[in-house]
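1. sequence isn't available, so here's the structure alone:
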C-alpha cells in the first residue's frame with residue numbers, strides 16, 4: 001500500500017515557557033488525507049502544542065524539530081508558517097472592534113496570495129469568492145459587515161473560524177477546541193463543515209475534550225496527551241473508553 005505524502009512530522013519536540021518544560025519528547029506524524037484528534041486533561045499540553053506548531057513566540061523549542069512538507073519550520077516566524085500552509089483556529093477567537101470581518105478576511109487572503117506570487121483579489125472579485133464560501137458552510141452574509149467577532153455568539157465565532165479555514169484552504173488546519181461552548185445543532189453544523197473541508201490534499205488536527213465531535217467526524221487517529229507527551233494513540237474507541245472510564249483508565253494501563 002502506497003502511503004500519502006506527509007504534511008507534518010514532529011520529532012522529539014521539547015518546549016519551555018519561562019524556563020519551565022511544558023512539551024516533553026513529543027513526536028507526531030500526519031499525512032495528507034488524515035484527521036488526527038488530540039485529547040487529554042486540562043494542562044496536559046494540547047493547546048500549547050497547537051500554538052508551538054503555529055509559531056507562538058512565547059514558547060522556546062529547546063530540542064527536536066517541526067517539519068512541514070519536508071521543510072524545517074522549527075524556528076520560523078508565524079506568518080511564514082501560515083503562508084506555508086498552517087492554519088490555527090483559536091479556542092477563544094479575539095474580538096477586534098473597528099475592523100470589519102470582510103476587510104480582515106480579504107487582507108488575510110491577499111497576504112497569502114502575495115506570498116505565493118499570485119494575483120491579489122480586488123474587492124468585487126473577493127466578494128464573489130467569499131460569498132461562495134459562505135454558501136458552502138451555510139453562513140449568513142450579514143456577518144461580513146460586522147466587526148471581527150464583536151458581539152458574535154460562541155457558535156458564530158467558531159463558524160467564523162471555519163470560514164477562515166475554508167477561505168485560506170491551508171494544508172494543515174489545527175482546530176483548538178472548535179466544539180467548546182456549542183449546542184448540539186451548532187456542533188453538528190461545525191462537524192459537517194470540517195468533514196466537507198477535509199480532503200486527500202490536506203490534514204486536520206482536532207483538539208477536543210468531547211466524544212461528540214469524535215463521533216461526528218471519526219478521525220483516523222486519537223492521541224492522548226499527558227504532561228506534555230503523547231502517551232497513547234488509538235482509534236475512535238479511545239474516546240468511548242475515555243468517556244466511560246476517564247483518563248486514569250489509560251494512564252493505569254500503559255507505562256509512561
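-> Right, received. Where do you want to start? This is a predicted model, so every value here is computed, not measured.

2. isn't residue 212 right next to residue 178, touching?
-> No: judged on Cβ atoms under 8 Å, residue 212 makes no contact with residue 178 at a distance of 11.9 Å. Any C-beta I mention is one placed from the backbone N, CA and C, and that applies to glycine too.

3. who's more crowded, those two?
-> Under the criterion of other Cβ atoms under 10 Å, the comparison of residue 212 against residue 178 puts residue 178 first, with 27 against 17.

4. the more buried one against residue 157, yeah?
-> No: using Cβ under 8 Å, residue 178 is not in contact with residue 157; the gap is 10.0 Å.

5. now do the strands in the stretch 1-150 of the chain.
-> For the stretch 1-150 of the chain, applying DSSP state E, counting those that start in this stretch gives strands covering 6-17, 20-31, 35-40, 60-68, 71-72, 86-89, 96-100, 147-148.

6. in TSV, list the ones you listed along with distance to residue 161, mean neighbour count and mean pLDDT.
-> Listed next are the strands of the stretch 1-150 of the chain as TSV, based on distance: least, Cβ to Cβ, whole Å; neighbours: other Cβ atoms under 10 Å; pLDDT from 0 to 100:
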stretch	distance to residue 161	mean neighbour count	mean pLDDT
strand 6-17	20	18	97
strand 20-31	20	16	97
strand 35-40	16	23	97
strand 60-68	21	16	97
strand 71-72	25	12	96
strand 86-89	4	24	96
strand 96-100	13	12	93
strand 147-148	11	18	94
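
7. residue contacts, the residue nearest to residue 75 when sequence neighbours are not counted?
-> Nearest residue to residue 75 in three dimensions, chain neighbours excluded: residue 61, at 6.9 Å (Cβ to Cβ, 6 or more residues apart in numbering). With contact set as Cβ atoms under 8 Å, 6 or more residues apart in numbering, residue 61 has these partners: 13, 14, 15, 52, 74, 75.

8. need the phi and psi values for the residue positioned nearest the centre of the chain.
-> Residue closest to the mean C-alpha point of the chain, counted by Cα atoms, centre = their mean, is residue 174 at 1.2 Å. Per-residue torsions, residue 174: phi -110, psi 120 (degrees, to the nearest 10).

9. that one contacts residue 91, doesn't it?
-> No: counting by Cβ under 8 Å, residue 174 stays clear of residue 91, with 10.6 Å between them.

10. my read is that residue 228 contacts residue 22, right?
-> Yes: counting by Cβ under 8 Å, residue 228 touches residue 22, with 5.4 Å between them.

11. mutual contacts of those two, please.
-> Residues touching both residue 228 and residue 22 by Cβ under 8 Å, 6+ apart: 15, 45, 48.

12. which residue, other than its chain neighbours, is closest to the first one?
-> If the residues on either side of it in the chain are set aside, residue 15 comes closest to residue 23, at 3.7 Å by Cβ to Cβ, 6+ apart.
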